[in-house]
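Visitor: With the sequence up front, the predicted model follows.
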Amino acid sequence: MRLTTSVLGLVAAVGLAGAAEAATVFPSFTPGSPVTATLSLATGGSPVTAIFLYSDAADRSILTPIVGSGLSFFFINNDPFATPIGTIVTFPFPVGPIAFQLQNTTKGQTYTTDSLDSDGYGHAVSITGTTNLADVETALGLAAGAISGQSGMNTAWSNFLALAGSAPITFIAWEDKKVGEDVDWDYNDLVFAFFPVRVEVAEPASLALLGAGLIGLGFAARRRRAV
């Protein structure tokens, strides 16, 4: 059984400062070390709105949403027609499970939020529980102001929060290289935020119940064999 952890996005007149909130990073990671888990994402409604927050990637990359078997253009980085930082895009998405795909066209690699690469490593982490960009900078090991101090970000982020209202906001940060490509596993090469998107994780209580159920089934099976 899967329980959903939802985080409500808060509308603020100034979304770049203020008291720190309880940001949650999933999967948790240590800069320099790859994660071995994927993201399970879902929408609480349609359409979905996204904002391009930050790039520290030298390669050309394209981010697209995965909707069933179809792909549509989303954001592009390091290209003559690159998407400017702070761009807000709204697009239709079916309610329920979703995923995103990052194509590093320079290296010829493709990563998704819901799968591991050929080496068994994940390339995306999520941050929830905050609307404060300073918290995101801290969570990703970025210098203070790396995201929030960019030109025009104050207005762009405030507009995004106003659009979000009380919808759940999820930040997704990417590592755009893999083993053998001078990868640094810092998960801050490209950073985006989305609403109404939530991260679904199995809570400890549900895992305990699942474990107890499996133990019970095993015990019952042994008793039947004994009889």
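Guide: Good, I have the coordinates.
Visitor: how close does the residue nearest the centre of the chain sit to residue 59?
Guide: Geometric centre of the chain, nearest residue: residue 172, 2.6 Å, by C-alpha atoms, centre = their mean. From residue 172 across to residue 59, the span is 18 Å (C-beta to C-beta, to the nearest Å). Any C-beta I mention is one placed from the backbone N, CA and C, and that applies to glycine too.
Visitor: Kindly report the same for residue 38.
Guide: 22 Å.
Visitor: doesn't residue 137 make contact with residue 143?
Guide: Yes: taking C-beta atoms under 8 Å as the definition, residue 143 is a contact partner of residue 137 at 7.1 Å.
Visitor: how about the helices in this protein?
Guide: With helices called from DSSP state H, the chain shows them at 133-139, 153-164, 204-226.
Visitor: avg pLDDT for the last one?
Guide: Confidence for helix 204-226, expressed as mean pLDDT, is 43.
Visitor: Tell me which residues touch residue 79, please.
Guide: With contacts defined as C-beta atoms under 8 Å, 6 or more residues apart in numbering, residue 79 is in contact with residue 60.
Visitor: Please report how far it lies from residue 54.
Guide: Distance, residue 79 to residue 54, using C-beta to C-beta: 17 Å.
Visitor: give me phi/psi at residue 185?
Guide: Phi and psi for residue 185, reported as degrees, to the nearest 10, are phi 50, psi 50.
Visitor: I misspoke; the intended subject was residue 182.
Guide: Given degrees, to the nearest 10, the pair of backbone angles that residue 182 has is phi 60, psi 40.
Visitor: burial count for it?
Guide: Counted with other C-beta atoms under 10 Å, residues neighbouring residue 182 total 8.
Visitor: how many other residues sit next to residue 47?
Guide: So residue 47, with other C-beta under 10 Å, has 11 neighbours.
Visitor: who touches it in this structure?
Guide: Counting by C-beta under 8 Å, 6+ apart, residue 47 touches 90, 91, 92, 93.
Visitor: quick one: buried residues of stretch 192-200?
Guide: Within stretch 192-200, the residues that count as buried by 16 or more other C-beta atoms under 10 Å are 192, 193, 194, 195, 196, 197, 198, 199.
Visitor: What residues are bridge-paired with the second one?
Guide: Beta-bridge partners for residue 193, by DSSP bridges, are residue 51, residue 171.
Visitor: Verify the contact between it and residue 75 for me.
Guide: No: checked against C-beta under 8 Å, the pair residue 193 and residue 75 is beyond contact range at 11.8 Å.
Visitor: what do the two both touch?
Guide: residue 50.
Visitor: Please pull out the lowest mean pLDDT helix or strand from this structure.
Guide: Least confident helix or strand, the chain: strand 4-5 with a mean of 31, by mean pLDDT, DSSP states H and E.
Visitor: Residue 50: neighbour count?
Guide: For residue 50, using other C-beta under 10 Å, the count is 23.
Visitor: now the residue nearest to it when sequence neighbours are not counted: how far from residue 37?
Guide: Leaving aside its sequence neighbours, residue 50 sits nearest to residue 194 (C-beta to C-beta, 6 or more residues apart in numbering; 4.8 Å). Note on residue 194: its distance to residue 37, by C-beta to C-beta, is 19 Å.
Visitor: and if you look at residue 83?
Guide: 28 Å.
Visitor: Next: residue 109.
Guide: Taken as C-beta to C-beta, the span from residue 109 to residue 37 is 19 Å.
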